[in-house]
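Peer 1: sequence first, predicted model second:
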Amino acid sequence: MSPTIDYVLQYLSIALLYFIGFSGGTHVLGIFTLYQLFFYTPLWPFVLLYLSWTYLVEWKTPERGGRDLLINFARRLSVFQYMRDYYPITLVKTSDLDPQKNYIFGYHPHGAFSEGASIGLNTEACGFSEIFPGIIPHLSVTSGILKALLYRDILMALGVIDVSRHSLEYNLTQKGKGHSVVIVVGGAAEIHEMGFDSYELIMKRRKGFIKLALHTGSDLVPVFGFGQNNIYHVIGGSRSSQFSPLQRWLRSFTSCMGTCFLPRRSPINVVVGSAVSVSKVANPTQEEIDELHVQYLKALTDLYEKNKDKYHPTETSELLII
């Protein structure tokens, strides 16, 4: 394939990703498509069948790891390779992971849309299954995204799950060895902290995933996306910025508004750290949770410090835990 065609396909794949995946069009597009099929085509019986199947049979499927039979096929679609090459995104291993265990991958930072996690970890574009054989990651997202008709079927085919505690526990304890979850720990609130060449991670009060690790006995794996914050330049991307009050108000709308601009072509290096060993504790105390939280933060900080010069060699780069 010629470089020009390859270049165009990269742009088209990213445009598709941002229009369908990261804009508010997912809910509207699904409803509009079903409406048109129901009222203006002879396919209305299939629409009724789809809606019945969705609401009566498959509504809870996102809590149970998606559609297992389709994961291997869906994650290997060529479109994800074009998405990978657009930035580009690379996946880096620092140590082996035991396929007989279950893991909680903590992805940092959130960035605008966590492309490093969604493309680098939840598809085969970067060769995840070859780098970590036997490990099956499931990206977790807010339940609202998984309620978008038609779009939810794409996500389920990719093994995307609900970020609720019940869903995470099910995938860590009922799916078998190797099945793991990916949690973007900072959440949408971290978008407000985005800054070019800087990383402000909302972590000090994020302890739910720590309790989950203890309760299920799942090892914790810190993952850092170097360059994640650089594909968008956020005006006033600092807590002390004069734009902060306005940004906090607008942040509640960003999940449905999305963006009309494509991201900057800037490398994202997804570096997977060593696992933090966790012993199962049915009812962990606050002291045990706090102790493991400190261990995780140290592992995350060490991962950043050991790799920043190689994957983020700028004098202005800094990591701040807030």
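Peer 2: All right, it came through fine. Numbering: from 1, shown residues only.

Peer 1: C-alpha from now on. contacts and neighbour counts both.
Peer 2: Will do.

Peer 1: host element of the nearest residue to residue 10 once chain neighbours are set aside?
Peer 2: Once flanking residues are discounted, residue 10 sits nearest to residue 82: 4.7 Å by Cα to Cα, 6 or more residues apart in numbering. For residue 82, the host element (DSSP states H and E) is helix 78-86.

Peer 1: just checking, what packs against that helix?
Peer 2: helix 3-16, helix 115-120 (3 or more Cα pairs under 8 Å, 6 or more residues apart in numbering; DSSP states H and E).

Peer 1: list the contacts of it.
Peer 2: Residues outside helix 78-86 that contact it (Cα atoms under 8 Å, 6 or more residues apart in numbering) are 6-7, 9-11, 13-14, 90, 119-120, 123-126, 265.

Peer 1: next helix or strand past that helix?
Peer 2: Next along from helix 78-86, by DSSP H and E: strand 89-93.

Peer 1: residues making contact with the next helix or strand after that following strand?
Peer 2: Using DSSP H and E, the helix or strand that follows strand 89-93 in sequence is strand 103-108. The contact list for strand 103-108, computed with Cα under 8 Å, 6+ apart, reads 117, 172, 178-186, 201, 209, 213, 218-225.

Peer 1: inside helices: which ones of the residues you listed?
Peer 2: 117, 172, 209, 213 (DSSP state H).

Peer 1: what is the burial count for the first one?
Peer 2: When you say that, I think you mean residue 117. Using other Cα atoms under 10 Å, residue 117 is surrounded by 28 other residues.

Peer 1: surely it and residue 139 touch.
Peer 2: Yes: with contacts counted by Cα atoms under 8 Å, residue 117 reaches residue 139, the gap being 7.4 Å.

Peer 1: what touches both of those two?
Peer 2: What both residue 117 and residue 139 touch, as defined by Cα under 8 Å, 6+ apart, is the set residue 182.

Peer 1: need the contact list for residue 300.
Peer 2: Residue 300 makes contacts with 222-224, 273, as judged by Cα under 8 Å, 6+ apart.

Peer 1: I'd like the residues you listed laid out as a markdown table, including pLDDT and neighbour count.
Peer 2: Below are those laid out as a markdown table (pLDDT from 0 to 100; neighbours: other Cα atoms under 10 Å):
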| residue | pLDDT | neighbour count |
| --- | --- | --- |
| 222 | 99 | 25 |
| 223 | 99 | 29 |
| 224 | 98 | 27 |
| 273 | 98 | 24 |
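
Peer 1: ok, which pair from those is furthest apart?
Peer 2: The span of the contacts of residue 300, defined through Cα to Cα, is set by 224 and 273 at 8.0 Å.

Peer 1: okay, and the common contacts of those two?
Peer 2: Common neighbours of residue 224 and residue 273 (Cα under 8 Å, 6+ apart) are 300, 303.

Peer 1: so residue 76 is in which element?
Peer 2: If you go by DSSP H and E, residue 76 is not part of any helix or strand.

Peer 1: swap in residue 123?
Peer 2: Per DSSP H and E, there is no helix or strand for residue 123.

Peer 1: list the buried residues in the helix holding residue 82.
Peer 2: Neighbour-count burial for helix 78-86, counted by 16 or more other Cα atoms under 10 Å, picks out 79-86.

Peer 1: quick one: low-confidence ranges for the stretch 151-300 of the chain?
Peer 2: 195-197, 233-261 (pLDDT under 70).

Peer 1: what sits against the closest residue to residue 165 other than its chain neighbours?
Peer 2: Excluding its sequence neighbours, the residue lying closest to residue 165 (Cα to Cα, 6+ apart) is residue 212, at 7.7 Å. Going by Cα under 8 Å, 6+ apart, residue 212 touches 165, 169, 218.
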